[in-house]
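Trainee: any chance you could fold what I've pasted below:
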Amino acid sequence: MTYTLPANIAERPITVIGGGTLGRRIALMLSLQGAEVRVYDTDLTVAKAAIEYIATQRHRAVEELGGNPAVRLAARDNLADALRDSWLVVEAVPKSLASSRQSSLTLTSWPPRTPCWPATLRRSLPRNSLAE
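Mentor: Just a heads-up that it's a prediction; the model follows:
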């Protein structure tokens, strides 16, 4: 299966759903590309803590791994705002079946106006458990 990236990804944000340990580290790595990175969490305090973590760790990541020194970060607790115009959406939520189902339902009912690539990190859940 082939996939062609949208032509304007340099101008569009990336959204990470989940501001916990995994989400904030994924957002840190994605921020090295120079794109705007939005961290969404139902708890704005967690999303802001993720942004603070990225801001304090990013200089070291740029030194060790390279990347764009410019950074654009945003914390969100409104999923529609977090997803607006995103070209890549990474779901990094806890292994809770209820939270995975909820974010999956939200993402499947979310109509992006422009092409988007959703990604999930729920490998520990059986595929059929999300469809129930």
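Trainee: A61 contacts L32, doesn't it?
Mentor: Yes: under the criterion of CB atoms under 8 Å, A61 makes contact with L32 at 6.1 Å. Any C-beta I mention is one placed from the backbone N, CA and C, and that applies to glycine too.
Trainee: quick one, strands of the protein?
Mentor: Taking DSSP state E as the test, the strands found in the chain are 14-17, 36-40, 72-76, 88-91, 117-120.
Trainee: CSV for those strands, including mean neighbour count?
Mentor: Formatted as CSV, the entries for the strands of the chain read as follows, by neighbours: other CB atoms under 10 Å:
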stretch, mean neighbour count
strand 14-17, 27
strand 36-40, 26
strand 72-76, 17
strand 88-91, 22
strand 117-120, 16
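Trainee: mind putting those strands in CSV, mean pLDDT and distance to A55 included?
Mentor: Rendered in CSV, the data for those read as follows (pLDDT from 0 to 100; distance: least, CB to CB, whole Å):
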stretch, mean pLDDT, distance to A55
strand 14-17, 95, 15
strand 36-40, 97, 11
strand 72-76, 96, 7
strand 88-91, 90, 19
strand 117-120, 60, 24
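Trainee: coming back round to it: and for A61 and L32, which residues touch both?
Mentor: Applying CB atoms under 8 Å, 6 or more residues apart in numbering, one finds that A61 and L32 are jointly contacted by G67.
Trainee: related to what we said a few turns ago, could you export the strands of the chain as CSV, including distance to I54?
Mentor: As requested, the strands of the chain are arranged in CSV below (distance: least, CB to CB, whole Å):
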stretch, distance to I54
strand 14-17, 10
strand 36-40, 8
strand 72-76, 6
strand 88-91, 14
strand 117-120, 18
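Trainee: indicate which one of those strands is closest to P6.
Mentor: Nearest to P6 among the strands of the chain is strand 117-120 (8.3 Å), distances taken as CB to CB.
Trainee: cheers, nothing more for now.
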